[in-house]
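[1] Mind folding the following:
(2 chains)
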2 protein chains.
Amino acid sequence: MRELVGVIGAGSWATALAVLLAKKGCRVKMWARRPELAEEINAAGENRHYLPGVAVHQNIEVTADLERTFWKAGVIFFSVPSHAFREVVRQSRPLLANDVIYVNTAKGIEETSLISMSDVFAQEAGTELLQKYAGLSGPSHAEEVGRDLPTAVVAASHQMETAEYVQELLMSESFRVYTNPDLLGVELGGALKNIIALGTGIAEGLSFGDNTKAALMTRGLAEITRLGVIMGANPLTFAGLAGVGDLIVTCTSRHSRNRRAGIAIGKGSSVSEALELVGMVVEGVRTTRAAHQLSARYAVEMPITAQIYKVLFEELSPGTAVNNLMSRGRTREMEEVARMTVKLLNNN
Amino acid sequence: MRELVGVIGAGSWATALAVLLAKKGCRVKMWARRPELAEEINAAGENRHYLPGVAVHQNIEVTADLERTFWKAGVIFFSVPSHAFREVVRQSRPLLANDVIYVNTAKGIEETSLISMSDVFAQEAGTELLQKYAGLSGPSHAEEVGRDLPTAVVAASHQMETAEYVQELLMSESFRVYTNPDLLGVELGGALKNIIALGTGIAEGLSFGDNTKAALMTRGLAEITRLGVIMGANPLTFAGLAGVGDLIVTCTSRHSRNRRAGIAIGKGSSVSEALELVGMVVEGVRTTRAAHQLSARYAVEMPITAQIYKVLFEELSPGTAVNNLMSRGRTREMEEVARMTVKLLNNN
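    So this is what the prediction gives:
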């Protein structure tokens, strides 16, 4: 494969994807907003700030020139923080074409509009381009993909051919790509799991144990699924790589920024101290605010999100929050299961 | 509550439950097969071998006299390894009564008969006593319950009153009990997750990363669910505490014996060396053999179980097994999801 690929963004995941594609023979242009960063990566042959220790392949050229990144590319990867996604698509609008595939890796819900990344894309790029759009999600820390450790992800698109193109493009010996037509479910799973990772991080910071963490993750998955289903996603997507898979890695990996921010908060840091400590974007903070509003709009019970929201924005003490979570809730596990089954039956 | 309780077994989980019950005011008799162990625990006020560091409450008396353990007890907890369960129920048969509640914590599938623990109980105790029987499962390492770290579990029974009795009996500030009528699903989740923990342990021992582990856990949950559904369980039970919750804790906790055995195997130990290293019962080894046979009987694809089976019993190298797992399988995540949905619809 000698595809020309553009990668918009130069963070850790953008870099890992660029390296993966370059190793497969693609020629990659990677766009960095700051020209200094572009030059630095080109000169060092390494993205020392965001993905240290991984050689930036010779097939990759880093540039701050957006037009150059799009030039003749058959596929464009957007790999920027979710709050920057709208702006970057808007900026790219004159360069978009309907014979190009667009892949987005940002995991979040837009805070002001409460819409998904694909809806943001449709608004900025036009709904007809949505057929060419895929979301890429799943348990995939850049640090490990950069080191070729076996990883499995999901490419989701309304258009099966689009998802299959992305699958074919990225698939390697150590990188497996599954397809899934439930774009919304995949997007919501990837975004909402960050809230739960903040929560389990907080529990960890408070020195609670693995039992507590597993209970929070299980109940967290249930509330994420609940919101997703009411918004139109397939509940079983949340049992897949973009749901429970991504949740597990985000709540347990040492690479997880959301987990690390949560741990710092649990240990007594303020929210702003915790974010400073992590140093990179912690998606879960904005997502908590968005999900908190969505749970009200759709009248969905999201007890974990509600407590994390209070810790982040209303100065509730983390210890009180975790205790609130462990001492409440339904006592019949199957009540909820039964409700979800009914919902599933009604959808089919 | 001043209930008289008998706990059959003196391992780590038996001890943690006895302590939990004693703290709630129950008077507990705990049965140890070996009189020396009973004496040792009584003398030390601690189960130094199986649950060091946790005070054995004064309301607990350890005895090697089975009849004394059953005497006037309103509820009996069986907490022995799954392969010992049939024998211990058989031995208890003359002491069983139909106004007593029986709770089982053993997580396994009987190797010779391939039946669940509740079916073993019914065969030995009589089917009429099954109404009085509950399975207790979920993410609950004894080491943490013994230290009062917040924990949530599931009590499952065909008879709702039985599950609710167990819930009421055990519930405390730091120990939450949910009820679930899907006894088979809860039993299978608890048993089968140990196979996946061996697998992720092996991947860890081989120095694979968190992405690999999360992918194995997600695909593992899917294959466990697949077998469970075909055997008659509710697929959504596997999304709950006794499914994904227990899976997470078993695959990630430092307390997990199955994980530790897997890590040793991944690092190059033979199976028998790994079991010796862990020193306590590693349920997953027997369960892998049983599940491997069940997958053939029900014609259910269980690729992870199949590879672990080959590592344990056919000398396949662990590295080859993990590579086999990461380089195979469906590429459309939703094919499987769709099949499960259809199955669910047909069941309802």
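[2] Contacts for the one helix or strand residue A:261 maps to, please.
    Per DSSP states H and E: residue A:261 is located in helix A:257-266. With contact meaning Cβ atoms under 8 Å, 6 or more residues apart in numbering or on different chains, helix A:257-266 is reached by A:194, A:197-206, A:250-254, A:271, A:273-275, A:277-278, A:280-285, A:311-312, A:318. All C-beta atoms are positioned from the backbone trio N, CA, C, and that covers glycine.
[3] Of these, which count as buried by neighbour count?
    A:194, A:197-206, A:250-253, A:271, A:274-275, A:278, A:281-285, A:311-312, A:318 (16 or more other Cβ atoms under 10 Å in any protein chain shown).
[4] which sections of the stretch 201-348 of chain A are below the confidence cut-off?
    By pLDDT under 70, the low-scoring segments of the stretch 201-348 of chain A are A:328-348.
[5] Could you list which of the buried ones among the contacts of helix A:257-266 belong to helices?
    A:194, A:197-205, A:250-252, A:271, A:274-275, A:278, A:283-285, A:311-312, A:318 (DSSP state H).
[6] so who does the nearest residue to residue A:159 once chain neighbours are set aside touch?
    If the residues on either side of it in the chain are set aside, residue A:159 comes closest to residue A:131, at 4.4 Å by Cβ to Cβ, 6 or more residues apart in numbering or on different chains. Residue A:131 is in contact with A:157, A:158, A:159, A:162, counting by Cβ under 8 Å, 6+ apart.
[7] cool, and residue A:12?
    Residue A:12 is in contact with A:47, A:50, A:51, A:142, A:143, A:146, A:280, counting by Cβ under 8 Å, 6+ apart.
[8] Tell me where chain A has strands.
    For chain A, applying DSSP state E gives strands covering A:4-8, A:27-31, A:46-47, A:51-55, A:60-63, A:75-78, A:101-104, A:133-137, A:151-156, A:175-180.
[9] Looking at these, which is nearest to residue B:290?
    Residue B:290 lies closest to strand A:151-156 among the strands of chain A, at 27.0 Å (Cβ to Cβ).
[10] touching chain B at all, the closest one?
    Yes: Strand A:151-156 reaches chain B (Cβ under 8 Å from any Cβ of the partner chain) through A:151, A:152, A:154.
[11] Might you report the residue contacts of the spatially closest residue to residue A:165 that is not a sequence neighbour?
    Nearest non-adjacent residue to residue A:165, counting by Cβ to Cβ, 6+ apart: residue A:101, 5.5 Å away. Residues in contact with residue A:101, defined by Cβ under 8 Å, 6+ apart, are A:74, A:75, A:76, A:132, A:133, A:134, A:162, A:165, A:166.
[12] got those as TSV, with neighbour count columns?
    Formatted as TSV, the contacts of residue A:101 follow (neighbours: other Cβ atoms under 10 Å in any protein chain shown):
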residue	neighbour count
A:74	16
A:75	22
A:76	24
A:132	24
A:133	23
A:134	29
A:162	23
A:165	21
A:166	25
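[13] Redo those as CSV? Include pLDDT.
    Output for these, formatted as CSV (pLDDT from 0 to 100):
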residue, pLDDT
A:74, 97
A:75, 98
A:76, 98
A:132, 98
A:133, 98
A:134, 98
A:162, 97
A:165, 96
A:166, 97
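[14] Relative to chain B, which of those residues is nearest.
    Of all those, chain B sits closest to residue A:166, with 11.6 Å by Cβ to the nearest Cβ.
[15] if we can go back for a sec, show me which of the contacts of helix A:257-266 neighbour chain B.
    Filtering these for neighbours of chain B using Cβ under 8 Å from any Cβ leaves A:252, A:253, A:254.
[16] ok, the nearest residue to residue A:218 once chain neighbours are set aside - how many residues close by?
    Distance criterion Cβ to Cβ, 6+ apart; nearest residue to residue A:218, sequence neighbours excluded, is residue B:245 at 3.7 Å. Residue B:245: 31 surrounding residues under other Cβ atoms under 10 Å in any protein chain shown.
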